[in-house]
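J.: How does the following fold in three dimensions:
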Amino acid sequence: MVRAKGEFYSGYKGGETPRFAIIEGRRIAVTEVIRRTRALDPRTGKIKDTYRCRLDDGRVIDIIEES
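T.: A predicted model of the protein is given here:
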């Protein structure tokens, strides 16, 4: 499973869902968010959202957003 940085749609609630993944400097469209999980990181005390996404090129990746 590849991990990538995400570019998120920002609506009135702020960053909401990933629209693009940035992998090795390339911007690839997210075609589907398969699953979203939210968990508290016990080491940092911050909330992490993990999005499992299907990309335009067919790959399935995880994008992790810390809030």
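
J.: low-scoring pLDDT stretches of the chain, where are they?
T.: Scanning the chain with the threshold set as pLDDT under 70 gives 1, 12-15.

J.: Strands of that one, start to end?
T.: Remark: strands assigned in the chain by DSSP state E are 2-11, 14-23, 26-40, 47-55, 60-66.

J.: Next, the angle from the shortest one to strand 2-11.
T.: In other words, strand 60-66. 60 degrees (axes from the mean of the first three to the mean of the last three C-alpha atoms, to 10 degrees).

J.: likewise the second one?
T.: Strand 14-23 runs at 150 degrees relative to strand 2-11, counting by the same axes, to 10 degrees.

J.: and strand 14-23, which residues are buried?
T.: The neighbour-count check on strand 14-23 (16 or more other C-beta atoms under 10 Å) flags 17-18, 20-21, 23 as buried. Where C-beta positions appear, they are placed from N, C-alpha and C, glycine not excepted.

J.: What residues are bridge-paired with the closest residue to A4 other than its chain neighbours?
T.: Spatially, and ignoring its direct neighbours in sequence, A4 is nearest to A21 (4.2 Å; C-beta to C-beta, 6 or more residues apart in numbering). On the basis of DSSP bridges, A21 takes part in beta bridges with G6, I28.

J.: A21 against R3, yeah?
T.: No. Counting by C-beta atoms under 8 Å, A21 does not reach R3; the two are 9.5 Å apart.
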